[in-house]
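Engineer: Quick one: sequence plus predicted model below, questions after.
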Amino acid sequence: MKKRILLGVLMLALMVGVPAAVAAQSKNTTWDLTEKLTFTDLGFNFNYPAGWDYKATPSSGVFFAENKSDLDAVTDGDNKTLADGSTIQMIGTKVSQLASALGTDDPTLEQIADFVVESRGITEKEDRIDVPVMTRRTLAVFGADRAKQGWILTIWRQGDFVIGAFMTSPSYDEVVQLAGSWGALLTSIKPNDALALSKNTMPLAKVGAEFNYPQGWYPNPKNANLVYELKSDLQDSASEGMLLAGVEQTLADMQLKKNATIDDVVASNIESLALVGTVRREEFILFGQPAVTIRGTNGSGQFALLTQVILKGIVVQIGAISPDEAAIDTFEPTFIAMLQSLQATKTK
């Protein structure tokens, strides 16, 4: 069953100190993730456990619970009212709304996580870990609050938003038992409005990987690492539509040192592409390695969306170029879906 909800009217705020409650039987550590909910403003959808109910609140996002009693407990506005079972909360807020609380207009994930942990009174039990959600880098925090509830908080930045996906259980042991199902729920998160991807792939031969590109687009028969949105562009070498490219270079090719970091790669690409104005930068994770996606206007007045990662000493770059910024906006969910399709090359 598909459900759709608009979060723009909810005034979502991570600083709200309502316990992130809900979901699942404490003794059942495997969720049947067959229900789907779409978050329109946040641009993604995900699967949640079958039979669970949810409720959107005016200021604390959307809560999910196994039964009405637990759902009522975590949405009644009383922080002292706790659910008997596990609960889930999905919440998002504009980065700008957190600026005054965090003391910066451009907070890191670590700073955001520190703020949420402190505001919710959580004592961390494990080291924080990086987890990819839609290939974006998230921070996962494990801990317990003053009421002895167990927590898993997954926090990431997505464009202008900070997103929090929180799970609580009556005890820390129970929340740990559900960690596998929590991971499956996070894995189910997909971007809205992505184009269908072709079964055909663009190869990244040097690192032994490949990814799918949109169905109906046109690969260059002379260069498998170039794909055109429009057949006319392929025939005429024009650029009226979108162009996709996959590039693999050594650090030496980029005139970088052997110990260069992903930040050095990003700086080099910003310079080589002559990106002007404000360049948006987001953290990702590809094949377990830190990646960065940048977006901006290049020296030719085109709009570029470029993800870069260092794999096996090779700089892999997956990019989309368009003469139209609005087209890049529309294409970005498909670009994320392409990154999600990235996999090791299949042996034949």
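Structural biologist: Looks like it arrived, so ask away. From a predicted model like this one, the values you see are computed outputs, not experimental measurements.

Engineer: Now do the helices in the stretch 101-250 of the chain.
Structural biologist: In the stretch 101-250 of the chain, the helices defined using DSSP state H, counting those that start in this stretch lie at 109-119, 172-177, 179-187, 231-236.

Engineer: Let's have those helices in TSV, adding distance to residue 326.
Structural biologist: The C-beta positions use only the backbone N, C-alpha and C, and glycine is treated the same way. As requested, the helices of the stretch 101-250 of the chain are exported to TSV (distance: least, Cβ to Cβ, whole Å):
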stretch	distance to residue 326
helix 109-119	29
helix 172-177	43
helix 179-187	30
helix 231-236	18
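
Engineer: Residue 199: which of the ones you listed is closest?
Structural biologist: With Cβ to Cβ as the criterion, residue 199 lies closest to helix 231-236 of those, at 18.8 Å.

Engineer: export stretch 318-326 as CSV, just CAs?
Structural biologist: Extracted as CSV, the C-alpha positions of stretch 318-326 are listed here (Å, rounded to 0.1, in the frame of the first residue of the first chain):
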residue,chain,number,x,y,z
ILE,A,318,30.2,10.4,-12.0
GLY,A,319,28.7,13.5,-13.5
ALA,A,320,25.7,15.1,-15.1
ILE,A,321,25.9,18.3,-17.2
SER,A,322,23.0,20.3,-18.4
PRO,A,323,22.5,23.8,-20.0
ASP,A,324,19.5,24.2,-17.7
GLU,A,325,19.6,24.5,-14.0
ALA,A,326,15.9,23.5,-13.7
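
Engineer: Now do it, average pLDDT.
Structural biologist: Mean pLDDT, computed over stretch 318-326, is 95.

Engineer: Report the separation between residue 132 and residue 126.
Structural biologist: Separation of residue 132 from residue 126 (Cβ to Cβ, to the nearest Å): 18 Å.

Engineer: who has more neighbours, these two?
Structural biologist: Between residue 132 and residue 126, residue 132 has the larger neighbour count (other Cβ atoms under 10 Å), namely 19 against 12.

Engineer: surely the more buried one meets residue 285?
Structural biologist: Yes. Taking contact to mean Cβ atoms under 8 Å, the distance of 4.0 Å between residue 132 and residue 285 places them in contact.

Engineer: Pull the contacting residues for the closest residue in space to residue 245 that isn't next to it in sequence.
Structural biologist: Leaving aside its sequence neighbours, residue 245 sits nearest to residue 319 (Cβ to Cβ, 6 or more residues apart in numbering; 5.0 Å). Residue 319 makes contact with 244, 245, 246, 247, 304, 305, 306, 307, according to Cβ atoms under 8 Å, 6 or more residues apart in numbering.

Engineer: Looking at the last one now. What's its pLDDT?
Structural biologist: What that stands for is residue 307. 98.

Engineer: Can you name the residues bridging to it?
Structural biologist: Beta-bridge pairing for residue 307 (DSSP bridges): residue 293, residue 318.

Engineer: That one and residue 117, how far apart?
Structural biologist: Counting by Cβ to Cβ - residue 307 and residue 117 are separated by 29 Å.

Engineer: Have a look at the two and say which one is more surrounded.
Structural biologist: Neighbour totals were compared for residue 307 and residue 117, and residue 307 leads with 23 against 19 (other Cβ under 10 Å).

Engineer: Just to be sure, residue 33 is in a helix?
Structural biologist: No. Counting by DSSP: H, G, I helix; E, B strand; the rest coil, residue 33 is not part of a helix but coil.

Engineer: I'd say it and residue 52 touch.
Structural biologist: No. Look at residue 33 against residue 52 with Cβ under 8 Å: they stay out of range, at 10.0 Å.

Engineer: So which of those two has more stuff around it?
Structural biologist: Set residue 33 next to residue 52 and count neighbours by other Cβ under 10 Å: residue 52 wins out with 21 against 17.

Engineer: Quick one, grab the pLDDT at the more buried one.
Structural biologist: 96.

Engineer: go on, residue 26?
Structural biologist: Reported pLDDT for residue 26: 36.

Engineer: Let me know the outermost residue of the protein.
Structural biologist: Centroid-distance maximum for the chain: residue 236 at 36.2 Å, with Cα atoms, centre = their mean.

Engineer: where does the stretch 1-150 of the chain have low pLDDT?
Structural biologist: Across the stretch 1-150 of the chain, the ranges flagged by pLDDT under 70 are 1-29.

Engineer: Would you map the strands across it?
Structural biologist: Counting by DSSP state E, counting those that start in this stretch, the stretch 1-150 of the chain has strands at residues 2-5, 35-39, 44-48, 53-56, 62-65, 87-94, 123-124, 129-133, 136-144, 150-158.

Engineer: between those strands, which gets nearest to residue 185?
Structural biologist: strand 44-48 (6.4 Å).
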